[in-house]
Each structure stands twice: as C-alpha cells, then as structure tokens.
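Student: one predicted model, sequence on top.
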Amino acid sequence: MFKHGPLYGNRFEIVSAMEGLPLETGDIVYSASDAKGPLGIPFGRLIQRFTRSEYSHATMILREGGESYAIDVSDWGTRKLRVIDWFDNWEATSFCVVRFGDKTPDMERCLTESILGFLKDDPSYDFNFDDPTAFYCTEAVKHMCSKCGLDLGGEFLVKEIVPGWFYALILAGNFVTKLVSKASLPTDRPIAVVGNEERGMLASPLTRKIFEYELKTNSFRSFA
C-alpha cells in the first residue's frame, strides 16, 4: 500500500523555500531517513548514529526547463522526480542542501552532462554494495561528480565506522540477509557516507551548506 513520506504535508512550504535559493544543477541534498533495511533493520538511523551524522542519504539536483528535479538512487532504482513529487514518498525526516563553491559555467555544463548520462544509463540499486554497474545513493552522487573531476571524499571501511561489537553483528547479519534477500554490507571495500562537517562527504571543502530543514520543528534556514 502506498504511504506518503514524512514531509508530504509540508511539501509546498518547503519547496517554495528551496526554490527561493534558487536550486541549481549540481546541488546535493543530504537527508536523514527512517528507511528500513533487510529484516526491518533501521539502516538509515544506524548509519547516522555510527557516523555521528544527521544524514545518511544523498541525492543530486538537476535544473531543466525551469523545473528542479531530484536524481535519486534507492531500492526503487534510479529516478528523476520533480522535487515537489519527490516529497510524495521520500522517507526524509530532515535534510540540508550543499552547493559547490566557485561553480563556473563549464562546471555546471559538465555536471549537467554527467547527470543526463547517468539517467541514460539508468543503473540499478546496488543491494550488495559491490556491483560496478549499479550504485547506492552516496556512491551515485560521488560518481556523477567525479565525471567533472570533483572528489567529495567520505569513503571508509565499515569497521572504521562502527564499533567492534556491531561489526561482529554485521558479519553475522550479512550471512543471514544473503539467505533471504539481495542486500548485504561490504567488509572488504570502503563505502561512501555523508558523515558530518568534520568527517565524510559533508566535510568536503568543495561544497558549502546553503539550506537545511528539520521536521521536528518544521523549520528551515537558508545560508545562501
């Protein structure tokens, strides 16, 4: 059964504030989520907790024909959604928007071409975090940016992120979840995480925060 996302009721107010920036191609949305992983595990919240971050999901923005689109990769696959429609079932509970500093027309053209190329390829979601032809959310954003020589960093081995006791649970959980689903976490290669302003993609010196929204207080703030 279809269920509206947490921000659906406030979507017009939030989108109006975001468009007041206005949004630009190449802007990145980092969001918090209550999305569940295999066996109902609160995957989004766990990533946020262990990376000391408010956020666990990343989405790219494309401006096209006067409209803002969210280029989002999830277990739905790769989707291009009007930002207003994205709020219909987006699982975010809070989010921020970051923008590349000193963005030139050439950089914007490159980001546009990279995003459109990614959409043309229409990659699947990488449930196992190990398929070179598929992507998970933060990996997709990094991939599109890398086509323009922009490295957002933020890659760590799982054991560098979580405490030892939880890493042991992941090893055991991977065995179980592979039996019942396609999803698992890699233990031998780094994964990209949003993190915080000291460690992770959010700490990249290439970007600056220009907007943030918090559901609990229904408040937003612009830094532009």
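Tutor: Yes, it's here.

Student: residue contacts, residue 125?
Tutor: Counting by CB atoms under 8 Å, 6 or more residues apart in numbering, residue 125 makes contact with 73-78, 134-136. For every residue, glycine as well, the C-beta is placed using N, CA and C.

Student: same check on residue 111?
Tutor: Contact analysis of residue 111 by CB under 8 Å, 6+ apart lists 25-26, 144-145, 148.

Student: are any of the contacts of residue 125 buried, and if so which?
Tutor: If you count burial by 16 or more other CB atoms under 10 Å, the buried members of those come out as 73-74, 78, 134-136.

Student: give me the number of residues near residue 158?
Tutor: 21 (other CB atoms under 10 Å).

Student: do the same with the one 4 residues further on
Tutor: Counted with other CB under 10 Å, the neighbours of residue 162 add up to 20.

Student: going forward, begin numbering at 24 instead of 1
Tutor: That works, and once the first residue is 24, the last one we named lands at residue 185.

Student: contact partners for the residue nearest to it when sequence neighbours are not counted?
Tutor: Nearest non-adjacent residue to residue 185, counting by CB to CB, 6 or more residues apart in numbering: residue 73, 4.7 Å away. Contacts for residue 73 (CB under 8 Å, 6+ apart) come out as 184-186, 189.

Student: swap the cut-off to 10 Å and go again
Tutor: Shown in contact with residue 73 (CB atoms under 10 Å, 6 or more residues apart in numbering): 79, 181, 184-186, 189-190, 216.

Student: and the buried ones among the contacts of residue 148 as TSV, adding distance to residue 144 and pLDDT?
Tutor: Formatted as TSV, the buried ones among the contacts of residue 148 follow (distance: CB to CB, whole Å; pLDDT from 0 to 100):
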residue	distance to residue 144	pLDDT
96	11	94
97	16	89
101	8	97
157	10	94
158	10	94
159	15	90
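
Student: pick out the most distant pair among these.
Tutor: Greatest spatial distance among these (CB to CB): 97 and 157, at 12.0 Å.

Student: what do these two both touch?
Tutor: Listed as contacting both residue 97 and residue 157 by CB under 10 Å, 6+ apart are 148, 163.

Student: just the buried residues from the contacts of residue 134, in PyMOL please.
Tutor: Buried residues among the contacts of residue 134 (16+ other CB under 10 Å), as a PyMOL selection:
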select buried, resi 48+49+167+168+171
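
Student: so what strands line up beside whatever helix or strand residue 95 lives in?
Tutor: Counting by DSSP states H and E, the element that carries residue 95 is strand 90-97. Within its sheet, strand 90-97 is paired with strand 80-87 (antiparallel), strand 100-105 (antiparallel), according to DSSP bridges.

Student: and stretch 103-113, which residues are buried?
Tutor: Across stretch 103-113, burial judged by 16+ other CB under 10 Å covers 103-104, 106-107, 109-110, 113.

Student: any stretches of the chain with poor pLDDT?
Tutor: Applying pLDDT under 70 to the chain flags residues 24, 57-66, 197-198, 200-207, 247.

Student: all strands of it, in order?
Tutor: 51-56, 80-87, 90-97, 100-105, 115-123, 178-179, 214-215, 230-237, 242-245 (DSSP state E).

Student: partner residues bridging the residue nearest in space to the middle of the chain?
Tutor: Compute the mean C-alpha point of the chain, and by CA atoms, centre = their mean the closest residue is residue 81, 1.2 Å away. With DSSP bridges as the criterion, residue 81 is bridged to residue 53.
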